[in-house]
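A.B. asks: Return atomic coordinates for the entry below.
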Amino acid sequence: MKALHISAECYPAAKAGGLGDVVGALPKYLNRAGMPAGVAIPKYRLRWIQEHNFHVIYKGAVRLHNYYTPFTIQQERNNTLGFPLFVVDIPGRFDRDGIYATPGGYGYDDDVERYLSFQQAILQWIANSPGRPQLLHCHDHHTGLIPFLVKYCPDYKALRHIPTAFTIHNGLYQGAFSWSKYYLMPFFEAGARGLLDWNDAINPMATAIKCAWRVTTVSPNYLKELQHQSNGLEPLLQHEQHKCLGILNGIDTQVWAPDADPFLANRLNGDMEAFKQANRQALSQRFQLNPSLPLITFIGRLVDEKGAGMLPGLISRALQNGMQAAFTVLGTGDPNIQNALRQLAYQYPGRFDAALEYNEGLAHQLYAGSDFILMPSRIEPCGLNQMYAMRYGTVPIVRAVGGLADTVPDVGEPDGKGRGIRFTHFNLDDAYLALYRAVQLHQNPQVFNELRQRIAGLDFSWEQAALAYIDMYNQML
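C.D. replies: Prediction:
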């Protein structure tokens, strides 16, 4: 391998959000473009991992304070993902039913120990392997200490010459922990202590920004936003801007292929209108909604970051005011939001329904059968849902933040290149006006059908993004 991607997620082996989608697609396209790349993640007790065969390629143990944690590095035998997949098996740390939390939504209380052992296991394996990667690409705070460890830990001094890249998928979660847990860290050069500190805590994301050779974000606009609003990292990102780069994510067009998608009841055969109608009909088996109304759908985690807290009030206002639309939600998250959505479904039968679960297949069917995808995000580093939706002829309604601003120009723009409905301010009034505009657009069938035909033909594939990463890698190498 020239590049090894190190991450907490990788679709389809382990996915909680967009991080998994990116790490599951980018290495595949890097390999196709001539840059050999692989992925290493923890070994979770998840269905995909349990159903595939792995063989042990390395055994070791890492130190956490005064005890040693054994681990093995295992490789997926059949290379089914289009790139080598390695999992780090650390008994008692990751062999659980969830990636970041229990199925009931309760977070784990030993994350510091989990990710310190994971990162050290990766580096010990690389340091003792003859076929070392030429570059390490770390993703989000779970791997943020690696650029520091390879530079300043005696145990990994053989890796100091290896370039490190760090990608911020979500700057809100930085992995910071108290200096009271400093004793868990491996030995490092005393003069480097300040590189770990940010706001009187050990902050893996800040450390990575300081120590990595290059830092990327998942869209150009998100990089600009982080330099002015990043939960305390603003001055650091401004100071390190010379090595920062925003590269817009792509989507895996093999997974998101309306003409070949195995999750769909009806696949696209050239007639977009028939495709949408047939898949809308298929949704009636799962959702009790009036099929004559335009369908506006939200898919994602029910958390404040995604604007999900706005959904109950926004949908209620729309339906109380007699807006001629139906709404549906797919996702899990905040119990209070879930309860409010259950109440809405009881209050507005035929106009609103929800599936409060994680269901990959149903998500595909909703993209195919919906008229609009709603993304009222408070924060959206890149956003993939709007790209998935457009590929299936579903028009996005988005708040103009992060990658949503990069990918969804408004249909009201005079250049005729609009792709959806945008609103600016995070409030019910702006979001409601966007819904109103969407329904008005739907009432002009010719214009609406031309729009969804056009957005379905847009190229959001990973090819261009992969070339941008390869160019960055070559500069580093």
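A.B. asks: which ones are touching the closest residue to Gly350 other than its chain neighbours?
C.D. replies: Spatial nearest neighbour of Gly350, excluding adjacent residues (CB to CB, 6 or more residues apart in numbering): Asn290 at 4.8 Å. C-beta here means a position set from N, CA and C on the backbone, and glycine is covered the same way. Shown in contact with Asn290 (CB atoms under 8 Å, 6 or more residues apart in numbering): Ala326, Gly350, Arg351.
A.B. asks: Show me the one in the residues you listed that has more neighbours than the rest.
C.D. replies: Counting neighbours by other CB atoms under 10 Å, the top entry in these is Ala326, with 24 neighbours.
A.B. asks: quick one, phi psi at that residue?
C.D. replies: With angles defined as degrees, to the nearest 10, Ala326 sits at phi -120, psi 150.
A.B. asks: got the end-to-end distance for stretch 98-105?
C.D. replies: End-to-end distance for stretch 98-105, by CA to CA, to the nearest Å: 9 Å.
A.B. asks: Report the buried residues of it.
C.D. replies: Across stretch 98-105, burial judged by 16 or more other CB atoms under 10 Å covers Gly98, Ile99, Tyr100.
A.B. asks: And for stretch 145-156?
C.D. replies: Buried residues in stretch 145-156, counted by 16+ other CB under 10 Å: Leu145, Ile146, Pro147, Phe148, Leu149, Val150, Lys151, Tyr152, Cys153, Asp155, Tyr156.
A.B. asks: Cross-check the contact I'm expecting between the fourth one and Cys211.
C.D. replies: Read it as Phe148. Yes: between Phe148 and Cys211 there is a contact at 4.6 Å, judged by CB atoms under 8 Å.
A.B. asks: Mutual contacts of those two, please.
C.D. replies: With CB under 8 Å, 6+ apart as the test, Phe148 and Cys211 both reach Leu195.
A.B. asks: ok, and what's touching stretch 187-206?
C.D. replies: By CB under 8 Å, 6+ apart, stretch 187-206 touches 115, 140-145, 148-149, 151-155, 168, 171, 173-179, 181-182, 185, 207, 210-211, 232-233, 236.
A.B. asks: still on that earlier bit, okay, the contacts of Asn290 in TSV with pLDDT and distance to Leu341 next?
C.D. replies: Converted to TSV, these look like this (pLDDT from 0 to 100; distance: CB to CB, whole Å):
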residue	pLDDT	distance to Leu341
Ala326	97	14
Gly350	95	16
Arg351	97	13
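A.B. asks: from those residues, which is closest to Glu463?
C.D. replies: Proximity of these to Glu463 (CB to CB) peaks at Ala326, which lies at 36.3 Å.
A.B. asks: Can you name the residues bridging to that closest one?
C.D. replies: Note on Ala326: beta-bridge partners Leu295, judged by DSSP bridges.
A.B. asks: got a list of what it touches?
C.D. replies: Leu289, Asn290, Leu293, Pro294, Leu295, Ile296, Gly350, Arg351, Phe352.
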